[in-house]
Structure formats: structure tokens, C-alpha cells
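# sharing a model that was predicted from the sequence below.
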Amino acid sequence: MTKRIILGAVAILLVIAAAYAAFFIAPQERTMGLIQRIFYFHAATAWAGEMTFFVCFLANLLYVWKRQPKYDWLGVSSAEVGLACITVVLITGPIWAHPVWGIWWTWDARLTSTFVLWLLYVSYLLLRTLIEEPERRALLSALFGIFAFLDVPLVFFSIRWWRTQHPQPVIMGGSGSGLDPTMSKVFFFSVLAMHVLAAFLIVERYVLEKMNSEVDFLAREVEAQ
Amino acid sequence: MSLFSNTAVLLSKELRTEFRSRELLTTTVVFILVVLILFSFAISPTTEESREFGPGLLWLAILFAASLMLQPCFLREQSNDTLSSLRLAVSDPFSIFLAKLIANTLFLLLTELIMLPFFAIFYNVPVLPEFHWLILVLFLGSLGISVAGTALSAISAQARMRELLLPLLLLPLLTPVLVVSATVTVSLFDREPIVKGKGIAFLAVFDVVFLTALWLFGEYLLEE
Amino acid sequence: MPRVPQVPVLHLGSSPTKLTVTPSKLSPTGLRFDGIDKRYGGLYALRRVTFEISAGECAVLSGRNGSGKTTLLRIAGQLVRPSAGKISFPGSSSDSSINARPGYVGHSTMVYDELTAEENLLLFARLQKVESPVARAEDLLREVGLYERRGSLVRTFSRGMRQRIAIARALIHRPSVLLLDEPATGLDPLGITWLANSLRELNSAGCTIVMSLHGESEISSLATRAVRLDAGNVIADTKTGASLHDILTFGAA
């Protein structure tokens, strides 16, 4: 319990510090102005999201192999936190793009791929709501999660290739491409902060899922009497 | 090897069942036809636009049709619990998947070939130049759709709302196939057709990745 | 004068030219459950089930609906993995090939409605690498009295005929153990008599039979052993002194 509280406190402190750094320490970007500072948040959350999906993949593999419920709990927790990260990325993207380039959405490679990723993990969570029996649900969603994760690099490559066939301005510039040293430091600090926050959220969601599962177990036992 | 002989026996069963009633094939062909016609009503493409957008719409129609066509794949094994008797009879459960995905690929290809003349006429698109490349793209794309679709159909058959679930699981997963196949097909229909080898290679990679995944994890999909 | 319908009987070893089940081909095999648990979420469908059925016995599993009979049979048929414990087949020739698997007759026919009787049996014979599948399928069709309807789609079969094709499918690989889940359901008296005679013949040819039944009937009278399940636990066993009658009618009003 105390470890969780410490983790939560550290996460919140880091995020506040990163926000401060993004607004006050990082130098103003030449062309884009104030709104560019959202980049630290946007890109850092994207990296954290990708990491949580990798954790989800590992949890899925472990469940299929070992069949221990804890891997199922980890899988759903990381998928939900990952989805939240991706949602943030998809929202901050347009918020950044609109004042700078005048458009809300663009079918640029990274944004499009991220959107497909979002759809895949929404499907994963939806699948879970449609299977009642806990062990079936855990197994089938783990298997779908594995297929979905294998699809992710294919999605990114195919969409990037597709976009090179229809040349378009690269809008959401490379994260960390040609960043001034202070900016880099702020960026990596933001990445750290978002990872710790994501870890904290996964832990909390995991604990919640564990309790849920135990209550469900007891409820079924009672029903069986 | 008994995997291949089991697959051959099961494949002949799948084909025999379908060709006896032809219900899957006829409904799928009609469905794609309807979708393509509706697309052209909605967009009213000029000839130039047809050339550019037609292939994308064709592949979209194929995807929609496939997500419907693949529904019965494992559902029909539930009515008399034949999935259990198959599991008892085969030495490698992958043969069940292999037979179904080969059958599904063949059905999809057949549907597409039947559709092609209609597509060429309604959309004024020249499909004959580079025909052998077109067939290759259709084959690799359909194979990818079948592999993913057969696997996901085994999952959705065990969930509620399965009619809506299968397209929901399948369509995002197949985005790479849609995007690449459409792009390659567009350039095949161009005034000066180009064969995009990289795209074709990608489709083959997609097929291999998912075939391998199905081979590794298929037996768990069939667990009770 | 009313014509008495002939009851088709499963004849084993009675044809002078061909024996479809010879005792020497079946290595007498038993069925052993060791500490079988099956959990679905929080629910225990089976709890520490441990007993052994000896080779050649004709055993009945009795119990109310939901007592775990179907689950136990599906575990024995290797369709379901137990959460704990294991099953084994003492006495079976040690190859773990298809032929060592028990035959399984479930609630459904487990054959394809859209195929003919012959096509169905051929399918399963070929999948299981049965020798001379065409001959074997024909023999079985004759044995179960469906030879004349071999070219008809199973969809057109009556309930009794469906039961017969289901049993034919289960026997196609000459199993030494036959599992049946409430095989008498939906059968008329003639069908039940046929089933009883067939099981009797199979059992005397050396096939170990394990079936789940409700109550007493012509079929339960074949039993040389009975086990009662309740809420996933074994509560009575003829091996430990309970009477067959009691086990079959436990608590029935």
C-alpha cells in the first residue's frame, strides 16, 4: 500500500516538474511559439503509450503460457492505460496542429497509424466486455491482443509507405529531431515523467481488477449454492 | 505428413459443402456488386477519378464482403458440435485452420474474379493490362484477409454480438492489407502501369506473419 | 396383421466374412481419474474427482443436471483440459496416436448435416488414418443399419438415425473405450432397445463403456459399475458398496 502511495506521489511530482520545465525552462521554439510546448507532453505520452502496449503484449503471452489470472489483470490494465495515452496523443495532436498549420486533422503517417492502433485496442477492450466467463475472456482477449500487437509494426510500415506514394508535407515532425540540447533534456524528462505516471496508473488499475476478480469469484460461489 | 493429408481431407469437405449449396459464394458476389454500385452512386466518379479511387473502393468492398463471408466459418461448426469431433480426429489442430483459410482464400478469389468484369465496366477501369500482376495482388491480399479472418472468426464465434464483433476486430487489423493492396492496384490501372514490387512484397510478409502466428497459437483458439 | 418392425441390431462378430471388432484388436483399456478439478471462474464444476474404471467394465455416471457428468466425460474425451489432476488409460497400448483415444458420443451428433452419412464417416475415417477407410465406413453403416440411407444428407435423418450415425462416427477408429453422454435422450423405445443391444455387444467384445444416464432404464441394466456425482463431487460408488439401484435413483421422489 505504501509503495503505491509513494509511486503515486513520485508520479505526480514528476509530471508537475515536467510541466514546469516544458513551460518555463525550455526555450521558446522559433516558428511555432507557445503552442509548440505541447510537443513535450504529446510525444512523451506517445512513447509511454507504446511502452504500455508492449507490456500488454508480454502479459498476453504470459497468460497464454501460464494461465495465471494476474497476467490477465496486467493485460487489461496496460491496455486501458495505453488507450488513455493514445487518446491523449490523438487529442493533443490537433490542438498543436490547428494554430500552427490551420488544420485540425491530417492523414499524416504517424497520426493515421496511431489512430488505427487506437481502434485495435478499443476492439480488444470491447471483446472483453462480450465474453462473460472469466477464463474464456482472458484467453481469447490475450490471443487477440497478440495478433493486434503483431499487426502494429505492419500498420506503421504500410501507412508510412502509403504516404510516401502520395507525397505530402510531413507535419508532425520527428520527435526529438534536431532539438536544441535544453529542449532534449526537457523532452527526456517528460518521457520519464509520463512513464512513471503510466506505471502508477497501471498498478492502480491492476489492483482494482484484482479486487473485481475476487468479488466476482465470491459472487459466483454464492450463486452456486 | 499427416498435417497435409488432414488438411487436404478437410479442405475437400469445406469445398464440397460450399459447392453443394453455393450460398456463401452467391451472397458474397451479390454483396460486393451492391456495395460497388452504391459507392458509384454516392461518389459519381469521372473516368479519371474512377481510375484513382476505383481500386480503393474495390478493396473496401472486398473487405466488407469478407467480414460477412467469414462469419459462418466457425459458427457452422457449433450447431452440431462438429468442432469437437474435428478436434478429436485430427493430429494437429492447425490443419483445421489451414483447410478453412485455404477454402476462404479460394472463395474470395473466385468472388473477386467474378466481380472483375463488372468492376471494369461500371468504373471504366482497364483491368487487363498487367493482368497476371493483378491476380497476384488479389491472391496475396485475399490470403491475408483469410488468414486474419479465419483466426478472428474462431474468436468471435465464442463471444456475444458476434455478427458485429467480427468486422470490428477484423477491419482495423486488416488496414495494412487495404492500404497496400489499393495502392498497388491503382498503379496497375494507371495509364502507364507500374508494378510496385515493394507493396507486393509487403503483402507477402503480412501473410507470412499471420500464418505463423496462427500456426503458433491456433490450438489455443480452439480450446474449450 | 400388423407387421412387426425389425429392430436393427449392431452385430459385432456375427458376420462370417468380416469382423469389425475383434477382441484381439482391442487392448483392454481402463479409464482413471486422478484428482480432477475443473474450475470456471469461481465455480467448481468438478472437485478432486478420483476413481478408476477397469478394463471391460460398463460404467454409469449418475447425477442431477449440473452435477458435472458432462464435464467429466469431456475431460475423459480430451476435449476439455482439467484445472488440476490427470486422466490416464491403464492398459492401452502405449502409443499416443489417434487410435488410443476414446470414442466420444456427445449431446450433439457431431457430424455434418450438409454431408451424407457415407461422406461423414469417410471424412472421419480418413482424418484418423483408419485402414481401408471406404470399407470401414461401409461396414459401420451396415452395422448401424444405415447402409440404405448412406447417400442421404444427415439433415434428413430422424432422431434415432442421428444417434446411430453419431455412434458410428465414435466407433470409426475402433476405440477401446467408448464414452457416451446421455445417449438415450430423445430416443423412442425401439431406439433404446437398439442402443442397449449395441452397447451390450460392444462391451462383450472388450470395449470399456462409460456413460452418463438419468435414472434406471434398459440401458442402465447393462451397468457393471456406477458412480454418482453431486455438485462436482463423487458421493457414491458401487465399488465402495453402494447399490446400483441407489446410485441411479438417489433422492428421486
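Perfect, thanks for sending it. Numbering: from 1, shown residues only, chains lettered A, B, ... in the order given.
# going forward, measure contacts and count neighbours with C-alpha atoms only.
OK.
# report the separation between the two terminal residues of stretch C:111-121.
Distance across stretch C:111-121, first residue to last, is 9 Å (CA to CA, to the nearest Å).
# which residues touch the closest residue to chain B within the stretch 1-150 of chain C?
In the stretch 1-150 of chain C, the residue that lies nearest chain B is C:Met110 (4.4 Å; CA to the nearest CA). Shown in contact with C:Met110 (CA atoms under 8 Å, 6 or more residues apart in numbering or on different chains): B:80-85, C:166.
# next, give me the two most distant ones among those.
B:Leu83 and C:Ala166 (13.9 Å; CA to CA).
# looking at these two, which is more packed in?
Using other CA atoms under 10 Å in any protein chain shown as the criterion, B:Leu83 and C:Ala166 rank with C:Ala166 on top: 23 against 19.
# buried sites along the helix or strand containing the more buried one?
Using DSSP states H and E, C:Ala166 falls within helix C:159-171. For helix C:159-171, the neighbour count (16 or more other CA atoms under 10 Å in any protein chain shown) marks C:160-171 as buried.
# can you report phi and psi for C:Leu180?
phi -130, psi 130 (degrees, to the nearest 10).
# identify the bridge partners of it.
Taking DSSP bridges as the rule, C:Leu180 bridges to C:Val105, C:Met211.
# quick one: contacts for it?
C:73, C:104-106, C:209-212.
# can you check C:Gly160 too?
Counted by CA under 8 Å, 6+ apart, C:Gly160 has contacts C:186-188, C:191.
# other residues contacting stretch A:114-130?
A:76, A:79-80, A:83, A:86-87, A:90, A:137-138, A:141, A:144-145, A:148, A:152, A:155, B:159-161, B:165, B:168-169, B:172-173, B:175.
# generate a PyMOL selection restricted to the buried subset of these.
One line in PyMOL is enough to select the buried members of the contacts of stretch A:114-130, burial here meaning 16+ other CA under 10 Å:
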select buried, (chain A and resi 76+79+80+83+86+87+90+137+138+141+144+145+148+152+155) or (chain B and resi 159+165+168+169+172+173+175)
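# how many other residues sit next to the closest residue to A:Phe147 other than its chain neighbours?
Take A:Phe147 and drop its neighbours on the chain: the residue closest to it by CA to CA, 6 or more residues apart in numbering or on different chains is B:Ala213, 7.3 Å away. By the criterion of other CA under 10 Å, B:Ala213 has 18 neighbours.
# now do the helices in the stretch 101-250 of chain C.
C:117-127, C:133-143, C:159-171, C:189-204, C:244-249 (DSSP state H, counting those that start in this stretch).
# now chain A
Taking DSSP state H, the helices of chain A run over residues A:2-20, A:38-66, A:69-101, A:109-129, A:134-165, A:181-224.
# which positions in chain B make contact with chain C?
B:5-6, B:9-10, B:13, B:17, B:80-91, B:223-224 (CA under 8 Å from any CA of the partner chain).
# just the buried residues of the residues you listed.
B:6, B:9-10, B:13, B:17, B:80-91.
# ok, back up a step: how about the helix holding C:Ala166 as CSV, C-alpha atoms only?
In CSV, the C-alpha atoms belonging to helix C:159-171 read as follows (Å, rounded to 0.1, in the frame of the first residue of the first chain):
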residue,chain,number,x,y,z
ARG,C,159,-33.6,-38.6,-34.1
GLY,C,160,-32.9,-42.3,-33.9
MET,C,161,-30.9,-42.3,-37.1
ARG,C,162,-28.9,-39.4,-35.9
GLN,C,163,-28.0,-41.3,-32.8
ARG,C,164,-26.9,-44.2,-34.9
ILE,C,165,-24.6,-42.1,-37.1
ALA,C,166,-23.2,-40.4,-34.0
ILE,C,167,-22.3,-43.8,-32.6
ALA,C,168,-20.9,-44.9,-35.9
ARG,C,169,-18.6,-41.9,-36.0
ALA,C,170,-17.4,-42.5,-32.5
LEU,C,171,-16.5,-46.1,-33.3
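# thought B:Ser91 was touching B:Ser5?
No. Applying CA atoms under 8 Å as the test, B:Ser91 and B:Ser5 come out as separate, 10.5 Å apart.
# coming back round to it: could you dump the helices of the stretch 101-250 of chain C to a markdown table with distance to B:Phe131 and mean pLDDT?
Output for the helices of the stretch 101-250 of chain C, formatted as a markdown table (distance: least, CA to CA, whole Å; pLDDT from 0 to 100):
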| stretch | distance to B:Phe131 | mean pLDDT |
| --- | --- | --- |
| helix C:117-127 | 38 | 96 |
| helix C:133-143 | 43 | 92 |
| helix C:159-171 | 47 | 92 |
| helix C:189-204 | 60 | 89 |
| helix C:244-249 | 71 | 83 |
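# out of those, which one sits most buried?
Mean neighbour counts were taken over the helices of the stretch 101-250 of chain C using mean count of other CA atoms under 10 Å in any protein chain shown, and the top value, a mean of 25, falls to helix C:117-127.
# dump the residue contacts of residue 182.
Looking at chain A here, since you left the chain open. Contacts of A:Thr182 by CA under 8 Å, 6+ apart are A:26-27.
# other chain: chain B
So B:Ala182 contacts B:55-56, B:59 (CA under 8 Å, 6+ apart).
# grab the most central residue of chain A for me.
In chain A, the centroid-proximal residue (CA atoms, centre = their mean) is A:Gly49; its distance is 2.3 Å.
# what number of residues lie near C:Asp113?
Neighbourhood size, C:Asp113 [other CA under 10 Å]: 20.
# that one contacts C:Ser158, correct?
No. At 11.8 Å, C:Asp113 does not count as touching C:Ser158 under the criterion of CA under 8 Å.
# what stretches of chain A score poorly on pLDDT?
Applying pLDDT under 70 to chain A flags the ranges A:29-33, A:166-179, A:224-225.
# chain C too?
C:1-26, C:94-99, C:251-253.
# show me how it divides into domains.
C:28-102+C:176-253, C:112-174 (automatic domain parsing).
# and A:Ser184, which of those is closest to it?
The nearest among the domains of chain C, by CA to CA, is domain C:28-102+C:176-253 at 48.8 Å.
# sorry, back to before: what's the farthest-apart pair in the buried residues of helix C:159-171?
Counting by CA to CA, the most remote pair of the buried residues of helix C:159-171 is C:Gly160 and C:Leu171, 16.8 Å apart.
# who are the packing partners of the helix or strand hosting B:Ile145?
Take DSSP H and E as the rule and B:Ile145 turns out to sit in helix B:131-156. Contact partners of helix B:131-156 among helices and strands, from 3 or more CA pairs under 8 Å, 6 or more residues apart in numbering or on different chains; DSSP states H and E: helix A:134-165, helix B:47-69, helix B:72-75, helix B:94-122, helix B:162-173, helix B:175-188, helix B:197-221.
# and that helix, what's buried?
B:133-134, B:137-156.
# could you give the mean pLDDT of it?
What helix B:131-156 shows for mean pLDDT is 95.
# if I pick the residue in chain A that chain C sits nearest to, what's in contact with it?
For chain A and chain C, the shortest gap (CA to the nearest CA) falls at A:Phe217, measuring 4.2 Å. Applying CA under 8 Å, 6+ apart, we find A:Phe217 in contact with C:41-43.
# 6 Å instead, please
C:Gly42 (CA atoms under 6 Å, 6 or more residues apart in numbering or on different chains).
# around chain A, pick out the residues from chain B.
Taking CA under 6 Å from any CA of the partner chain as the criterion, chain B approaches chain A at residues B:159-160, B:169, B:172, B:176.
# from the residues you listed, which has minimum pLDDT?
Within the residues of chain B next to chain A, pLDDT is lowest for B:Arg160, at 89.
# roughly how far does that one sit from chain C?
18 Å (CA to the nearest CA, to the nearest Å).
# that residue should be in a strand, yeah?
No. Read with DSSP: H, G, I helix; E, B strand; the rest coil, B:Arg160 is coil and lies in no strand.
# same list (the residues of chain B next to chain A) but as TSV, adding distance to A:Lys66.
Output for the residues of chain B next to chain A, formatted as TSV (distance: CA to CA, whole Å):
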residue	distance to A:Lys66
B:Ala159	23
B:Arg160	26
B:Leu169	25
B:Pro172	29
B:Pro176	31
